[in-house]
Every structure is written in structure tokens, then in C-alpha cells.
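Enquirer: output the structure for:
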Amino acid sequence: MKLRYKYTVDDAVLEIRSSAKKRHREELLRVFTSLASDPFIRGEWIEKDNTGRDCQVKRFGRWAVTYWPEHIGSLVHIIDVERLS
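Expert: Numbering: from 1, shown residues only. I've put the predicted structure just below:
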């Protein structure tokens, strides 16, 4: 699958993914890939980051993922993931 955009993940997201069980790492990889394949996906709600930028928050199954697309650079920046109960 050719991705339309590339994705970046913040250090905290990388730490969560690295320490997760294999099944959860695979789920997150699918989520990240889906965001890069369709960077125009809208979240269920918007949160501001520490710079005041609007970030999308979307639920993917058991995960809430916070991200923002940078269309000029063809990047999706994934800044937070949270495992929901």
C-alpha cells in the first residue's frame, strides 16, 4: 500500500508503542498507516496542543489518537495515543 503521506510520532507515543504488547503494537501501526493513507480523516473532537494548534482526536477501536496533518509537507504528526478501557 502506497501511503499518501508519511507519519511522525512524538517520543511519548513511541515509548507507549514500544512498551506495548505485540498485538497492541500491530493495532497502532495499522492506525498510523490508515492516517497516512487518508490524512483528511476528521476526529470526533478537537483539542489544542501546547502551541494552540487544533489537533484532531479520533477513536480507533480501543485507541484514542491525537494528530494533526501538515499538508504542505505531506505529513501526519501523531502526538498522543491513549488506550481506552
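Enquirer: excluding chain neighbours, what is closest to Gln56?
Expert: Gly43 (3.3 Å; Cβ to Cβ, 6 or more residues apart in numbering). In short, each C-beta sits where N, CA and C put it, glycine included.
Enquirer: worst-scoring helix or strand of the chain, pLDDT-wise?
Expert: Ranking every helix and strand in the chain by mean pLDDT, DSSP states H and E puts helix 11-19 at the bottom, with a mean of 92.
Enquirer: what's the next helix or strand after that one packed up against?
Expert: Downstream of helix 11-19, the first helix or strand assigned by DSSP states H and E is helix 22-37. Other elements packing on helix 22-37 under the criterion 3 or more Cβ pairs under 8 Å, 6 or more residues apart in numbering; DSSP states H and E are strand 6-9, helix 11-19, strand 54-60, strand 63-70, strand 75-83.
Enquirer: ok, residues contacting the first one?
Expert: Going back to what we said before, that points to strand 6-9. Residues outside strand 6-9 that contact it (Cβ atoms under 8 Å, 6 or more residues apart in numbering): Arg17, Phe32, Thr33, Leu35, Ala36, Tyr67, Ser74, Leu75, Val76, His77, Ile78.
Enquirer: with that, I have no additional questions.
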